[in-house]
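# Predicted structure and sequence below. I'll ask about it afterward.
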Amino acid sequence: MGHRAYLTTRSNRHTTINSQQSTVNSQQSTVNCYKTTKTMTTDALFEQLKHPNPHLRERAMFEIADSRDENTISRLVGILDEEDVTYRRAAVKALGVIGEDAVPSVVEALLHSDNVTVRGSAAKVLAQIAVNYPDLPFPEAGLQGLKKAIDDPNPVVNIASVMALGQMGSSAFEILVESLNTTDNVAVQVAIVNALASVGDRRCVEVLTTFANDESVDSYVRESATSSLSRLDLVMNYKRADS
């Protein structure tokens, strides 16, 4: 092969290589552009959780839940200490929409966060999950986490945990009754007798009747048990009519 032919062939090879490299660079640029767009979209959705319009916040919650990745739950849990109440509540609701997959991270925050706002918000997330998925059995980890949180020294957490258990129906009955019989915190006892009315389990009648008639029990707890019996009757009647 002559020098001219060799140089021409070599030049053609360089042209082909450069063309291929240009194609690779173009493809990489497209991927990077997609990733950036996706990140911006996710960031925009999270930003929309702060929006004053509740309809826009709700739309963002569902889109975040539908498009979630491995970072979504931890990012939402990270918002539970926000001072912005609107933002924090929106994160609670978004985690509630995600449902069972969020339970392990939320229970971890409920039991181990040093921030009382985070712990209280975590209890509210578990309540949201129970409300959003009433036909699914509530994860045992969530039930046990709330049981432990009843002993939290802060009322923001222990009352929220009792109220959450009240949303979980019969699966929470034994936990609530055990806590009612073992706690010496009157405020927690009152919260529990109110929660038992929400549970709507027939077994609650006997428990509430016992507390309503027990003279050794704090008078406020007895009064609450009496009023809860009336509400329990309404709840059970509603459930019968609905079934």
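Noted; the coordinates are in hand.

# Least confident secondary structure element in this protein?
When each helix and strand of the chain is scored by mean pLDDT, DSSP states H and E, helix 3-48 comes last, with a mean of 53.

# what pLDDT, on average, does stretch 116-123 get?
Averaged across stretch 116-123, the pLDDT comes to 98.

# My error: substitute stretch 79-87 in the last question.
pLDDT averaged over stretch 79-87 gives 96.

# How about residue 186, nearest residue that isn't a chain neighbour?
residue 218 (5.0 Å; CB to CB, 6 or more residues apart in numbering). Quick note: C-beta positions are derived from backbone N, CA and C, even for glycine.

# Surely that neighbour touches residue 188?
No. Assessed by CB atoms under 8 Å, residue 218 is found out of contact with residue 188, at 11.3 Å.

# where does the chain have low pLDDT?
Residues of the chain meeting the criterion pLDDT under 70: 1-40, 239-243.

# ok so, going back, helix or strand right after the least confident helix or strand of the chain?
Downstream of helix 3-48, the first helix or strand assigned by DSSP states H and E is helix 54-66.

# got the buried residues for that next one?
With burial defined by 16 or more other CB atoms under 10 Å, the residues of helix 54-66 counted as buried are 57-58, 60-61, 63-65.

# Just the CA atoms of that helix, as CSV, please.
Taking Å, rounded to 0.1, in the frame of the first residue of the first chain, the C-alpha atoms of helix 54-66 are listed here in CSV:
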residue,chain,number,x,y,z
PRO,A,54,-54.2,22.1,49.0
HIS,A,55,-55.2,20.6,45.6
LEU,A,56,-51.7,21.2,44.2
ARG,A,57,-50.2,19.7,47.4
GLU,A,58,-52.4,16.7,47.1
ARG,A,59,-51.5,16.2,43.5
ALA,A,60,-47.8,16.4,44.4
MET,A,61,-48.2,13.8,47.2
PHE,A,62,-49.7,11.2,44.8
GLU,A,63,-47.1,11.9,42.1
ILE,A,64,-44.3,11.5,44.6
ALA,A,65,-45.8,8.3,45.8
ASP,A,66,-46.3,7.0,42.2
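
# gap between stretch 66-80 and the chain center?
Centre-to-centre, stretch 66-80 and its host chain are 10 Å apart (CA atoms, centre = their mean, to the nearest Å).

# What's the end-to-end length of that stretch?
Distance across stretch 66-80, first residue to last, is 20 Å (CA to CA, to the nearest Å).

# For the buried residues of helix 54-66, work out which two are farthest apart.
Farthest apart among those by CB to CB are 57 and 65. That separation is 12.8 Å.

# what ranges do the helices span in the protein?
3-48, 54-66, 72-77, 85-98, 103-112, 116-132, 140-149, 155-165, 173-182, 186-199, 203-213, 219-242 (DSSP state H).

# Tell me the helices and strands packed up against the second one.
The contact analysis (3 or more CB pairs under 8 Å, 6 or more residues apart in numbering; DSSP states H and E) places helix 54-66 against helix 3-48, helix 72-77, helix 85-98.

# could you redo the last one with a cut-off of 7 Å?
helix 3-48, helix 85-98 (3 or more CB pairs under 7 Å, 6 or more residues apart in numbering; DSSP states H and E).

# between that helix and helix 85-98, what angle do the directions make?
Put simply, helix 54-66 runs at 40 degrees to helix 85-98, going by axes from the mean of the first three to the mean of the last three CA atoms, to 10 degrees.

# Name the residues that touch helix 54-66?
Applying CB atoms under 7 Å, 6 or more residues apart in numbering, the external contacts of helix 54-66 come out as 45, 48-49, 51, 72, 90, 93-94, 97-98.
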